[in-house]
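Engineer: Prediction below, plus the sequence it came from.
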Number of protein chains: 2
Amino acid sequence: MVLIVQKYGGSSVAGTDRIRHVAERVVATHREGHDVVVVLSAMGDTTDELLDLARQFTPLPNPRELDVLCTAGERISNALAAIAIRALGERACSLSGPQAGVFTTAEYGNAQIVEVSPQRIRRELDRGAIVLVAGFQGLNRDTDDITTLGRGGSDTTAIALAAALKADVCEIYTDVDGVYSADPRIVPNAALLDHITYEAMQEMAAAGSKVLALRSVEYARRCGVPIHVRSSFGDKPGTLVSASTDHLGTEQSTITGVAHDLSGAKVTVTGVPNHPGTVGRLVRAVADAGGEIDMVVQNAVRPAGGRTDVTFVLPREGALVALAALRETHAEIGFEEVSHDADVGKVSVIGTGMRAGSGATATFCETLAAAGVNVEIMSMSEIGISVLCRSGQVADAVRALHTAFDLDTTEAAPVHAVTGR
Amino acid sequence: MVLIVQKYGGSSVAGTDRIRHVAERVVATHREGHDVVVVLSAMGDTTDELLDLARQFTPLPNPRELDVLCTAGERISNALAAIAIRALGERACSLSGPQAGVFTTAEYGNAQIVEVSPQRIRRELDRGAIVLVAGFQGLNRDTDDITTLGRGGSDTTAIALAAALKADVCEIYTDVDGVYSADPRIVPNAALLDHITYEAMQEMAAAGSKVLALRSVEYARRCGVPIHVRSSFGDKPGTLVSASTDHLGTEQSTITGVAHDLSGAKVTVTGVPNHPGTVGRLVRAVADAGGEIDMVVQNAVRPAGGRTDVTFVLPREGALVALAALRETHAEIGFEEVSHDADVGKVSVIGTGMRAGSGATATFCETLAAAGVNVEIMSMSEIGISVLCRSGQVADAVRALHTAFDLDTTEAAPVHAVTGR
C-alpha cells in the first residue's frame, strides 16, 4: 500500500467546479488502492480578501487575530472538498491543522513546525477515509493559539505530513505543469524539467521561481521527502524534486534554468566611512529591523577619500523598513546618503556549471552585455549567479541567457498563468 | 466589577462598518469598568452562502463536514472584531468555541452544550482583555470534532457562557429594539415590552417570534441567566427576560402579545380507521422520520363510519419528510388519503389570561370571526392559544387580536427589518 500526500494550491480550488475536479482526482488515486492525505490551500483569493477586511480597521492588524482570521479559509476549502469526495461515494474527513497534530512555534504569521503528531490522521486512514488537512496552519501548545506558517505554508504542511507519515511521495498540484528552465511567459521555448535536485530547486526558489517556496524545499530536503510538482489542470508527468538524479539518466544539463524576481527593491547607502565595523553595523541595523536581506554588496572604495557604498536588495516591503532603520544610524555612522529604488529586477542562472571563474560566468556577462542589459549588482554562489538590473530589462535578460545556455527546446511550452500561492 | 456577556447577531456584524460600530460599543462598556465577553454570529449571510457552496456538491452534504464548514464564519467575524477592538486601543482576544471550553454532544448540526469550562476566558479577562468567543460552535471531546449548536446557537453560546462565568447579565443585541407585543411590521402600534418572563418568552418563541430561539430561552431559564434584548442600531432600553416581574411594578398586562409563524406546513391524513393505537402509530411514524411536530389535532369522528382525520403542523422542510413517512404506513393502517398544504400560517395570543374557558378565549374566537379569518385548527395551552389559518389572513388576524386584547399603544413602533438569526 502506497501513501500519497497531495497538496492543491488556491487556484486549484478557486471555485466549486475546481474543487469537484480535485475531488475526482483524489478519489481516482484512492481507488487505485492508495492511502491519500490531501492538503488544500484556501479557495482562490480568500486569504487576500480576509486580509483586506482586516486592514479596513487598521494598517497593522494584530498578528494573533490575523492568524485566527486567515486559517478560516483553509477550513472552508477542506470541508467543501470533503463534502465533494463524500458525494462521490468515498469516506472523507477534514481536519484543522491542530486536529491533524501540526504543532508550531508561537510566531504568529510565520510559525515554524516543531512537531507533527499524525495519530488522528493514521486512525482515519485506517478506517479507509481520505483525510483532508487544512494547510498553512498549526497550534502552539504553550498558548493554545492558532498559528499560520507564512509564505508557502500549505506546501510546508504537506511536506511535513509526508515526512511524519513516511509517505512515498508528496505531490504538489499547482497551475503550472512543473518546474521550467525559465518562466514560460517570458521564454516560450522553456523546457519542462523532469527532475531537479533539492539544492537546485532551493536556488531556483531563492532566485524568484514561484513554483515552490524556498522554505518548503528546505524542509523536504532535510526530511528526504520526494516532491512531485504537477498541474491540477492536466495530466502531464510534472517535475520530481529529490536528492538523486541517477534514475533519470545523464541527459540533465549542469545548467538547470534561468530564474527572475521582480519583488525586490534596492537600498543604497553612499559615502560610508570605511572603518572596520561600519558595514557590519549597517547590516545589523537592517537585520534588527526585520529586513530579509537577499543580497548585500559593498562596492570598491572610491578614489576620493576612505568611503564606500553599500547596497542591499530586500523584498519590497522590507526595503522601506530597512530605509528607515538605516536613516536612524546616520548620526552614529556619518554616511552621505541613503536611497531607495524599487524599479529593479533580479535575473539568475542556476546550475552546477556556474562556479566563479568558469567559462559559464564569462558567457553570462557577455550575453547580458550583448543584450544591452546594464548590470547594477552581481553576486555568485556555488550553484548560481545573479545580477540586478532595471526591471524593464529583465525579460530580455532571461531570454538571452536561456538561449545562450542552450536551454531552449524546439517545442513551445504552454502559456498559461503562472502564479504564486 | 460587573461581568457582561454581549451577543451580536449576523445583521449587527454584516460588514466592516457594522463591526466597527460593535467594537465601539464593546469598548465603551469595557471603559465603564466592566469585564466583557462578546459572542458574535457570522457576518450577515455568510453561513447561508457557505451552505449554498456545499449544496453545489450534493443536496445532503455530510453533517460532520458541514459543521467544519459553517464554524469558519464565526471565527472570521470574531477575529475581525478583535482586530477592530485592538485598533481602538483595548486588549482583545478571540477564541474558537473549543478554545473557549464549550463542549457538546456529538450531534453534528444540532449539538447540545454539555459543559462550559471557561478557564481560558477567565485568564484572558484577568489580563484585562475583552474576550470574543465564536458562537454557535463547540467541541465533542469523544471525537475531537467540531460541532454546531443549530438554530439560535449563538444565543445559546452567550447564555451558556454567562451561566458558566456567573455573569450579571447576558445582553443579546439584534436588529430590533426588543420584544414587541406583535411584529411591528404588521402592527404599527405594537408595544415594546420592558419585561417578559422566561415562560412567556418561551411561548412567544414557540409561537413564531424570531427575537430569541426557544432553546436559548429554556437554557437561560434553567440557569437563571437574565437576558437583556437590545438593538445594536440604537440606544433604546430594550426588553429584559427574567424570572420575576416584581421590580417592574404591576402595569404588565396578563396578555403578553400576539405572535405569528409562517414557516410551518400542514399535513392531513383523512379517513384514518378509528381503532385504538392508529393515531399513535401515525405520530410515531412522523417522529421517527425526524419531524418536529408543532401541533397535532384529531378531528371528531365523522358520522359515516368509524373514521377520523388527523392533522399535523410541522416546519416546512419537515412536512415533506413527514408526508413520505406517513405514506409508507398506508398499507398497514389503511387511511384514505394524505395531503400537504404549505399555504398556512399560525397566529397565537400569549398570556396568563388565556386559560381555556375564560372570557379571553371567547374574545379570541369572536375577534377572528369578525375579521373574517377562517380557523382551520385551534389548540390551547396554559399560557396561550393558537390557530392555523390561510397564510394570507395572518396579518389581519394579528392586527385584530392585538387591538381586541388592548395591546395597541398610541405611539407607533419604528418599522425596520425584523429578521431571525
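Structural biologist: Received, thanks. Numbers count the residues shown, from 1 in each chain, chains lettered A, B, ... in the order given.
Engineer: Every contact and neighbour count from this point should use C-alpha atoms.
Structural biologist: Noted.
Engineer: what's the spacing between the closest residue to chain B within the stretch 101-250 of chain A and residue B:100?
Structural biologist: As assessed by Cα to the nearest Cα, chain B sits closest to residue A:144 within the stretch 101-250 of chain A, at 7.5 Å. Remark: distance between residue A:144 and residue B:100 (Cα to Cα, to the nearest Å) = 11 Å.
Engineer: now residue A:384
Structural biologist: Per Cα to Cα, residue A:384 is found 51 Å from residue B:100.
Engineer: what's the answer for residue A:111, then?
Structural biologist: 22 Å.
Engineer: Looking at residue A:144 and residue B:100, which is more packed in?
Structural biologist: residue B:100 (23 against 13; other Cα atoms under 10 Å in any protein chain shown).
Engineer: Touching, that one and residue B:120? I think so.
Structural biologist: Yes. Residue B:100 lies in contact with residue B:120 (Cα atoms under 8 Å); the separation is 6.3 Å.
Engineer: So which bits of the stretch 1-150 of chain A are right by chain B?
Structural biologist: Within the stretch 1-150 of chain A, the residues that sit near chain B (Cα under 8 Å from any Cα of the partner chain) are A:16, A:20, A:53-54, A:56-58, A:61-62, A:65-66, A:68-70, A:72-73, A:75-76, A:79-80, A:82-84, A:86-87, A:93-94, A:99, A:144.
Engineer: and those residues, which are buried?
Structural biologist: Buried members of those, counted by 16 or more other Cα atoms under 10 Å in any protein chain shown: A:16, A:20, A:53-54, A:56-57, A:61-62, A:65-66, A:68-70, A:72-73, A:75-76, A:79-80, A:82-84, A:86-87, A:93-94, A:99.
Engineer: and these, which of them are in helices?
Structural biologist: Using DSSP state H, the subset of those located in helices is A:16, A:20, A:53-54, A:65-66, A:68-70, A:72-73, A:75-76, A:79-80, A:82-84, A:86-87.
Engineer: Quick one: neighbours of residue A:92, just the number.
Structural biologist: Around residue A:92 sit 26 other residues, with neighbours defined as other Cα under 10 Å.
Engineer: State the pLDDT value of residue A:276.
Structural biologist: The score at residue A:276 is 71. That number is its pLDDT.
Engineer: residues touching it, list them.
Structural biologist: By Cα atoms under 8 Å, 6 or more residues apart in numbering or on different chains, residue A:276 lies in contact with nothing.
Engineer: ok, it to chain B distance?
Structural biologist: 44 Å (Cα to the nearest Cα, to the nearest Å).
Engineer: Strands along the stretch 251-400 of chain A, start to end?
Structural biologist: A:255-261, A:264-273, A:295-298, A:307-315, A:337-341, A:344-351, A:377-381, A:384-390 (DSSP state E, counting those that start in this stretch).
Engineer: Quick one: closest of those strands to residue B:219.
Structural biologist: strand A:307-315 (54.1 Å; Cα to Cα).
Engineer: Given that closest one, what are its sheet partners and their directions?
Structural biologist: Strand pairing for strand A:307-315, using DSSP bridges, gives strand A:264-273 (antiparallel), strand A:295-298 (antiparallel).
Engineer: can you tell which of those strands is closest to residue B:388?
Structural biologist: Nearest to residue B:388, of all those, is strand A:264-273, at 70.4 Å by Cα to Cα.
Engineer: Would you enumerate the residues in contact with residue A:5?
Structural biologist: Contacts for residue A:5 were tallied using Cα under 8 Å, 6+ apart; they are A:36, A:37, A:38, A:39, A:158, A:159, A:161, A:162, A:167, A:169, A:170, A:171.
Engineer: Residue A:285 and chain B: what is the separation?
Structural biologist: Counting by Cα to the nearest Cα, the gap from residue A:285 to chain B is 28 Å.
Engineer: tell me the domain ranges of chain A?
Structural biologist: Under the assignment automatic domain parsing, the domains of chain A span A:3-246, A:254-405.
Engineer: Just say which of these is most tucked in.
Structural biologist: domain A:3-246 (a mean of 22; mean count of other Cα atoms under 10 Å in any protein chain shown).
Engineer: List the residues that contact residue A:103.
Structural biologist: Contact analysis of residue A:103 by Cα under 8 Å, 6+ apart lists A:113, A:114, A:115, A:116, A:117, A:138, A:139, A:140, A:141.
Engineer: Just those: which are in helices?
Structural biologist: Going by DSSP H, the helices hold none of those.
Engineer: Columns pLDDT on top of those residues, output as CSV?
Structural biologist: As requested, the contacts of residue A:103 are exported to CSV (pLDDT from 0 to 100):
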residue, pLDDT
A:113, 94
A:114, 94
A:115, 95
A:116, 96
A:117, 96
A:138, 96
A:139, 96
A:140, 96
A:141, 95
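Engineer: With distance to residue B:264 added, can I get those residues in TSV?
Structural biologist: As requested, the contacts of residue A:103 are arranged in TSV below (distance: Cα to Cα, whole Å):
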residue	distance to residue B:264
A:113	52
A:114	54
A:115	52
A:116	50
A:117	49
A:138	44
A:139	44
A:140	47
A:141	48
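Engineer: from the residues you listed, which ones fall inside strands?
Structural biologist: A:113, A:114, A:115, A:116, A:138, A:139, A:140 (DSSP state E).
Engineer: can you tell me which two in those are farthest apart?
Structural biologist: A:116 and A:140 (11.8 Å).
Engineer: unless I'm mixing things up, residue A:387 is touching residue A:347, no?
Structural biologist: Yes. In terms of Cα under 8 Å, residue A:387 counts as a neighbour of residue A:347; the distance is 5.5 Å.
Engineer: center of chain A, which residue is that?
Structural biologist: Here the mean C-alpha position of chain A is nearest to the C-alpha of residue A:213 (Cα atoms, centre = their mean), at a distance of 1.9 Å.
Engineer: any weak-confidence spans in the stretch 201-350 of chain A?
Structural biologist: Within the stretch 201-350 of chain A, the stretches with pLDDT under 70 are A:244-253, A:299-305.
Engineer: Show me where it has its helices.
Structural biologist: Ranges of helices in the stretch 201-350 of chain A, per DSSP state H, counting those that start in this stretch, are A:214-223, A:278-288, A:316-328, A:330-333.
Engineer: re earlier: apart from its neighbours in sequence, what residue is nearest the residue nearest to the centre of chain A?
Structural biologist: Using Cα to Cα, 6 or more residues apart in numbering or on different chains and skipping the chain neighbours, the partner closest in space to residue A:213 is residue A:152 (5.0 Å).
Engineer: can you pull the contacts of the one you found?
Structural biologist: Contacts of residue A:152 (Cα under 8 Å, 6+ apart): A:136, A:212, A:213, A:215, A:216, A:421.
Engineer: Correct me if wrong: the fifth one contacts residue A:162.
Structural biologist: No. With contact taken as Cα under 8 Å, residue A:216 and residue A:162 are classed as non-touching, separated by 11.9 Å.
Engineer: picking up where we left off before, could you list every residue that touches the residue of the stretch 101-250 of chain A closest to chain B?
Structural biologist: residue B:99.
Engineer: same thing but 10 Å
Structural biologist: A:98, A:106, B:95, B:99, B:120 (Cα atoms under 10 Å, 6 or more residues apart in numbering or on different chains).
Engineer: For those residues, give me a markdown table that also has distance to residue B:263 and pLDDT.
Structural biologist: A markdown table is the format used below for the contacts of residue A:144 (distance: Cα to Cα, whole Å; pLDDT from 0 to 100):
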| residue | distance to residue B:263 | pLDDT |
| --- | --- | --- |
| A:98 | 40 | 95 |
| A:106 | 48 | 93 |
| B:95 | 34 | 97 |
| B:99 | 35 | 96 |
| B:120 | 40 | 96 |
